[in-house]
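> A predicted structure for the sequence below; I have some questions about it.
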Amino acid sequence: MLFWKKAPPLVPVLRLTGPIGAVSPLRQGMSLASVADTLEAAFTVKGARAVAILLNSPGGSPVQSALIYKRIRALAKENHVKVYVFAEDVAASGGYMIACAGDEIYADESSVIGSIGVISAGFGFTGLIEKLGIERRVHTAGESKAMLDPFQPERAEEVARLEALQREVHEHFKALVKESRGKRLAEEPELFTGAFWAGEKAKELGLIDGLGDLRSVMRHKFGKNVQLKKVGGTRPWWRRAQGIGIARSGGEADLPQISAQISASWAEDLMAALEARSLWSRFGL
């Protein structure tokens, strides 16, 4: 007589981390395009009992956040599996929007959760260009085409238009959270003001379902033999420059061109790092 050993419960695990959308004019952060293949791979693992997502993001583009949220929910419905999201350092703003794609959300006691709001920040350079004796020349077809130009003084009507746009995006964000969390949300006046909280308070407010890490929660849900299968991963550092073309002439590398490309790549990385740092620092990280 043959006895077949029952396979342990299987839960694919993927990691979503970093700012969302463009983190500098030259670098992209997390987007639907960058995570779509990994999401597809995780949700189509044969025999998966659920999908677990490790999330660590201070937010960014509301559009990319919403697109990732929608793709996760669509894949969960198509493949009939539950989604468990585990917030690490922070799941705030667009990061929390993505977290809402989980049927259940967990976090650490010190995780930063929330920031359900919309922000637009920039600089004004009018005083600087005057001091340097620079003349600003802008020609447009359309009276609002140069709206909020940082090299021109702010105009009240342009700020009002931006604020109206932010309110509209904010309403979409609030509706998404309410639909996802439902009756789990507490009656809290500051819930949708852009405020954020640590794990314990976030649990009280219904923003998350509990405190716990991936391994302990999955073992509690599916037993001690649960198999956590990592899907996707970060490219090694030596592949980050794969987009740098190596031109060759007569079989020899064009060293000046390679040097210029590497320098440009480093400059882009520095800009991206500064932009990303500003997003993380909003939450004390």
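Good, I have the coordinates.
> Just give me the neighbour total for residue 171.
For residue 171, the number of neighbouring residues by other C-beta atoms under 10 Å comes to 12. Glycine gets a C-beta too; all of them are placed from N, C-alpha and C.
> Which residues are in contact with it?
Residues in contact with residue 171, defined by C-beta atoms under 8 Å, 6 or more residues apart in numbering, are absent; none qualify.
> how about it, phi and psi?
phi -60, psi -40 (degrees, to the nearest 10).
> I'd like to check what contacts the strand or helix carrying residue 78. Which residues are they?
In this structure, residue 78 is located in helix 62-79 according to DSSP states H and E. Defining contact as C-beta under 8 Å, 6+ apart, one finds that helix 62-79 is touched by 16, 20-21, 30-32, 35-36, 39-40, 43-44, 48, 51, 53, 59, 82-83, 93-95, 97-98, 100-103, 118, 169, 172-173, 176.
> Filter those residues down to the buried ones.
Applying 16 or more other C-beta atoms under 10 Å to those, the neighbour count classes 16, 20-21, 30-32, 35, 39, 43, 48, 51, 53, 59, 83, 93-95, 97-98, 100-102, 118, 173, 176 as buried.
> Now do the closest residue to residue 31 other than its chain neighbours against residue 80, distance only.
Once its chain neighbours are removed from consideration, residue 31 has its nearest residue in residue 64; the separation is 4.7 Å (C-beta to C-beta, 6 or more residues apart in numbering). Note on residue 64: its distance to residue 80, by C-beta to C-beta, to the nearest Å, is 26 Å.
> what residues does the host helix or strand of residue 113 touch?
Assessed by DSSP H and E, residue 113 sits inside strand 112-114. Here strand 112-114 makes contact (C-beta under 8 Å, 6+ apart) with 87, 89-92, 96, 99, 107, 191, 195-199, 202, 205, 207-208, 283-285.
> Then stretch 36-46?
Under C-beta under 8 Å, 6+ apart, the answer for stretch 36-46 is 10, 12-14, 48, 51, 68, 71-72, 75-76, 78-79, 81, 229, 231-232.
> run the last query once more with 10 Å
Residues from elsewhere that reach stretch 36-46, judged by C-beta atoms under 10 Å, 6 or more residues apart in numbering: 10-16, 32, 35, 48, 51-53, 67-68, 71-72, 74-81, 83, 101, 229-233.
> then that stretch to PDB, C-alphas only?
As requested, C-alpha coordinates have been extracted for stretch 36-46 and formatted as PDB (Å, rounded to 0.1, in the frame of the first residue of the first chain):
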ATOM      1  CA  ALA A  36       3.500  43.500 -13.000                       C
ATOM      2  CA  ASP A  37       5.500  40.400 -13.800                       C
ATOM      3  CA  THR A  38       6.300  39.600 -10.200                       C
ATOM      4  CA  LEU A  39       2.700  40.000  -9.200                       C
ATOM      5  CA  GLU A  40       1.600  37.700 -12.000                       C
ATOM      6  CA  ALA A  41       4.200  35.100 -11.000                       C
ATOM      7  CA  ALA A  42       3.200  35.200  -7.300                       C
ATOM      8  CA  PHE A  43      -0.500  34.800  -8.000                       C
ATOM      9  CA  THR A  44      -0.100  32.000 -10.500                       C
ATOM     10  CA  VAL A  45       2.000  29.700  -8.300                       C
ATOM     11  CA  LYS A  46       0.300  26.300  -8.500                       C
END
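> low-confidence ranges in the stretch 1-150 of the chain?
In the predicted model of the stretch 1-150 of the chain, residues 1-5, 22-27, 118-130, 132-133, 135-150 satisfy pLDDT under 70.
> quick one, strands of it?
In the stretch 1-150 of the chain, the segments counted as strands under DSSP state E, counting those that start in this stretch are 10-17, 22-24, 27-28, 50-57, 82-92, 104-107, 112-114.
> Buried residues in the longest one, which are they?
Within strand 82-92, the residues that count as buried by 16+ other C-beta under 10 Å are 83-92.
> CSV please, covering those residues and showing distance to residue 219.
Conversion of the buried residues of strand 82-92 to CSV gives the following (distance: C-beta to C-beta, whole Å):
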residue, distance to residue 219
83, 18
84, 12
85, 17
86, 13
87, 19
88, 18
89, 23
90, 25
91, 22
92, 28
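> Which two among those are spaced furthest apart?
Farthest pair in the buried residues of strand 82-92 (C-beta to C-beta) is 83 and 89. Separation: 20.2 Å.
> how many other residues sit next to the closest residue to residue 195 other than its chain neighbours?
In this structure, residue 195 finds its nearest non-sequential neighbour in residue 114, 6.2 Å apart by C-beta to C-beta, 6+ apart. Taking other C-beta under 10 Å as the neighbour definition, residue 114 ends up with a count of 28.
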